[in-house]
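*Asks:* Give me a 3D structure for the following:
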Amino acid sequence: MAKIGVSPTRSERLGLLAARLVLTAVFATAAIPKILNPTDFAVVILNYQVCGTYTSVWIALFLPWLELVCAIGLFAPALRRASGLVLAGLLIVFILLHGQAWARGLEIACGCFGDFTTLDRPKTNYAWLLLRNALLLATCWLVIMKDLRNQQQVRVA
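*Replies:* Modelled structure (predicted):
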């Protein structure tokens, strides 16, 4: 069987592995404090003022597990693309949430890595949150596109 297409180089494979490791580390690190403190995380979600208490509680219970499963899924070939797409979708939602909070002048905790209070810092750094999420989104896009390219290499007889 001959392979059509160009195989990724060693440096491309290492770069893709590094991108997956970064995404996994970020999302797993973000998920664990939220899993351990769902009540505090529900309050953070409520502070964004985009949903009610009932919805905030359900999001606080579901979202961290989704983040963790997708972070791990980046290393399972069968789940890699779906995990990357879900994480990219979450990042788009996070960008929109931070943007609307910034536009409305809300001084709230991000809730990203167990950051459940704004008491220890003077002001929410929305520019940093948006930049960080945009960079993570670009990394997700890289993982998705490289995986798609690698999957499109067809074997022919």
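*Asks:* and the residue nearest the centre of the chain, what does it touch?
*Replies:* Taking C-alpha atoms, centre = their mean, the centroid of the chain lies closest to residue 87, which sits 4.2 Å from it. Going by C-beta atoms under 8 Å, 6 or more residues apart in numbering, residue 87 touches 23, 27, 67, 70, 71, 74, 136, 140. Glycine gets a C-beta too; all of them are placed from N, C-alpha and C.
*Asks:* Among these, which one sits closest to residue 103?
*Replies:* Of all these, residue 136 has the smallest distance to residue 103: 21.0 Å, by C-beta to C-beta.
*Asks:* hmm, back to that, name the element the residue nearest to the centre of the chain belongs to?
*Replies:* Following DSSP states H and E, one finds residue 87 within helix 80-103.
*Asks:* Render the CA-only coordinates of that helix in CSV, please.
*Replies:* Below are the C-alpha coordinates for helix 80-103, written out as CSV (Å, rounded to 0.1, in the frame of the first residue of the first chain):
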residue,chain,number,x,y,z
ARG,A,80,-8.9,13.8,19.3
ARG,A,81,-10.7,15.9,16.7
ALA,A,82,-14.0,15.9,18.6
SER,A,83,-12.2,16.9,21.8
GLY,A,84,-10.4,19.7,20.0
LEU,A,85,-13.6,21.0,18.5
VAL,A,86,-15.4,21.0,21.8
LEU,A,87,-12.5,22.8,23.5
ALA,A,88,-12.4,25.3,20.7
GLY,A,89,-16.2,25.9,21.1
LEU,A,90,-15.7,26.4,24.8
LEU,A,91,-12.9,28.9,24.2
ILE,A,92,-15.2,30.9,21.8
VAL,A,93,-17.9,31.0,24.5
PHE,A,94,-15.3,32.0,27.1
ILE,A,95,-14.1,34.8,24.8
LEU,A,96,-17.7,36.0,24.3
LEU,A,97,-18.4,35.9,28.1
HIS,A,98,-15.3,37.8,29.0
GLY,A,99,-15.9,40.3,26.3
GLN,A,100,-19.5,41.0,27.4
ALA,A,101,-18.4,41.2,31.1
TRP,A,102,-15.7,43.7,30.1
ALA,A,103,-18.1,45.7,28.0
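*Asks:* on that earlier part again, so how far is residue 53 from the residue nearest to the centre of the chain?
*Replies:* Taking C-beta to C-beta, to the nearest Å as the measure, residue 87 falls 27 Å from residue 53.
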